[in-house]
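> Here is my input; please provide its structure:
(chains A and B)
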Amino acid sequence: MLYSDPFETLMQLQEALDSFRSSAWLSTSTSGGGAFPPLNVFRKKDDIVIVAEAPGLKKDELEIQVKGRTIQIAGVKTVNYGDRVSLHRRERTSGRFSRSLDLPVEIDADKVKAEYRDGMLAIFLQRAEHDKPRSIKIA
Amino acid sequence: MAGQELEVQKKKELASQQEKTIPARFYMPSTDIFETGDALKVVMEVPGVPKDALDVKIENDVLSVEARIETANYNGLEPVYTEYSVGHFARSFTLPEQVDQHNITAQLEDGVLTLTLNKRPETKPRRIAIQ
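Numbers count the residues shown, from 1 in each chain, chains lettered A, B, ... in the order given. From the prediction side, this is the model:
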């Protein structure tokens, strides 16, 4: 390609995301409570990236736990108006949330990385070495 | 843990009065508007938007915000399960008369944009002393 149009890229991305809307990949295995921020799960070669839109969280109140195939994400979102204000419009949600996901692959708990930037939470999970597919050479 | 209620927030797609000239979808940021004694505060959630991709402008008493996300972050990622779509954010509000259009400040922190629209001094509440 000679040039890439960023808007074209965005549209392709939107189409790709739409086609995996609530796909069977996680099947019945997500559970939790509270107003959880929506999340997307991506695959990057053998690894898995979980991305959630979570504006206005406090980093130190986020809790991520990984055990085997299960990952639990919990946190609290606070919305502060201050004293003596009159509300005109209220659309943002707040409160405590937690969610656990059962992934179809095993995760190396020691290599989990999480990043929180510009209100986006990204969790990078590496597939456990013993769980990775092996290619078999035919003798 | 079946049976437990899970409520995933829905994103609202922008149904704009003015159509965009680019093909991709825009989203409407969740917004709180509240009033203090001196100012009107508009708080918008624009996750994934860096500071330099934010456009706030006032034209004909309309305050419009456009916030663009970075699609480059998604390079090399293949979706397997999705609950939301991504897109730029846009929203506009007609300003009430008491807002001083030259005295508006904006602040972006952790994907939350706070606009402080200061009121014109003559419209601020005054306490009347009783003689």
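> what about B:Asp52, how many residues close to it?
B:Asp52 has 8 neighbours, counted by other C-beta atoms under 10 Å in any protein chain shown. C-beta coordinates here come from the backbone N, C-alpha and C atoms, glycine included.
> same question but for B:Val49, I mixed them up
Neighbourhood size, B:Val49 [other C-beta under 10 Å]: 25.
> Name the nearest residue to it, ignoring sequence neighbours.
Distances taken as C-beta to C-beta, 6 or more residues apart in numbering or on different chains place B:Ala67 nearest to B:Val49, at 4.2 Å, with adjacent residues excluded.
> Who are the contact partners of residue 119?
With no chain named, the answer covers chain A. A:53-57, B:45-49, B:110-112 (C-beta atoms under 8 Å, 6 or more residues apart in numbering or on different chains).
> that answer is for a different chain, and I need it for chain B
Counting by C-beta under 8 Å, 6+ apart, B:Lys119 touches B:Asp38, B:Ala39, B:Leu40, B:Gln98, B:Val99, B:Asp100.
> of all of chain B, which residue lies closest to chain A?
Using C-beta to the nearest C-beta, the single residue of chain B nearest to chain A is B:Gly111, 1.6 Å away.
> so who does that residue touch?
Taking C-beta under 8 Å, 6+ apart, we find B:Gly111 in contact with A:Glu53, A:Ala54, A:Pro55, A:Gly56, A:Asp118, A:Gly119, A:Met120, B:Glu45, B:Val46, B:Pro47, B:Gly48, B:Val49.
> Next: A:Gln14.
B:Ala24, B:Arg25, B:Ser85, B:Val86, B:Gly87.
> most neighbours, which of these?
Of all the contacts of A:Gln14, the most densely surrounded is B:Val86 (24 neighbours; neighbours counted as other C-beta under 10 Å).
> Name the nearest residue to it, sequence neighbours excluded.
Leaving aside its chain neighbours, B:Val86 sits nearest to B:Ile69 (5.9 Å; criterion: C-beta to C-beta, 6+ apart).
> Can you get me a residue count around the one you found?
Other residues within reach of B:Ile69, judged by other C-beta under 10 Å, total 23.
> Confirm it sits in a strand?
No. Using DSSP: H, G, I helix; E, B strand; the rest coil, the assignment for B:Ile69 is coil, not a strand.
> Would you confirm that it contacts B:Ala53?
Yes. Using C-beta atoms under 8 Å, B:Ile69 is in contact with B:Ala53, at 7.3 Å.
> Now, of the contacts of B:Lys119, which are buried?
B:Ala39, B:Leu40, B:Val99 (16 or more other C-beta atoms under 10 Å in any protein chain shown).
> Of the residues you listed, which are in range of chain A?
Filtering the buried ones among the contacts of B:Lys119 for neighbours of chain A using C-beta under 8 Å from any C-beta of the partner chain leaves B:Leu40.
> Done for today, thanks.
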